[in-house]
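Asks: what would the 3D arrangement of this be:
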Amino acid sequence: MDKNAAIELVGNYIAMWNETDGRVRRTMVEDLFTSNGTYTDPTVAADGTAAIDEYIGTSQKNFTGMLFTHGTVLTHHDAVHFSWQVGPAGGEPAVTGFDVAWIEGGRIRRLYGFFNGL
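Replies: Here you go, the predicted structure:
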């Protein structure tokens, strides 16, 4: 995958996590993930865009008033790796981690999220 395309995809993915309007977020999920996309982290295995959107909406309640951001984006072949953090704007992160995504046709087919310290 092209590095610039990977950086744009990750930026859009992080923007999706920050989007609190459910209808807008759902469209973002459908644009970012393949129809059979999966999202897996230590707390969930979400299969399909509806399940992914539901998980993000539920998770956002734990991070009210906080902002997701990302660090360096690494890519090769059809895989993308990036660090992320969530916390109050300008403050210390509440949670940090990294994700690894496999890309298919410019969209996320599978994503595995890891939380630092878990």
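Asks: neighbours of residue 23, how many?
Replies: Neighbour count for residue 23, taken as other CB atoms under 10 Å: 8. Using the backbone N, CA and C atoms, a C-beta is placed for each residue, glycine as well.
Asks: just the one 10 residues further on next, same as before
Replies: The burial count assigned to residue 33 is 25, neighbours taken as other CB under 10 Å.
Asks: with the one 10 residues further on instead?
Replies: Per other CB under 10 Å, the neighbour tally for residue 43 reads 10.
Asks: got a pLDDT number for it?
Replies: Note for residue 43: predicted pLDDT of 95.
Asks: from residue 115, how far out is it?
Replies: 8 Å (CB to CB, to the nearest Å).
Asks: tell me which element the most centrally placed residue in the chain falls in.
Replies: Most central in the chain under CA atoms, centre = their mean is residue 13, positioned 4.7 Å from the mean C-alpha point. Using DSSP states H and E, residue 13 sits in helix 3-18.
Asks: helices or strands up against that helix?
Replies: Applying 3 or more CB pairs under 8 Å, 6 or more residues apart in numbering; DSSP states H and E, one finds that helix 3-18 contacts helix 22-32, helix 49-60, strand 66-76, strand 79-88, strand 95-104.
Asks: list of residues touching the longest one?
Replies: By CB atoms under 8 Å, 6 or more residues apart in numbering, the list of residues contacting helix 49-60 from outside reads 16-17, 20, 22, 25-26, 29-30, 33, 35, 37-39, 44, 46.
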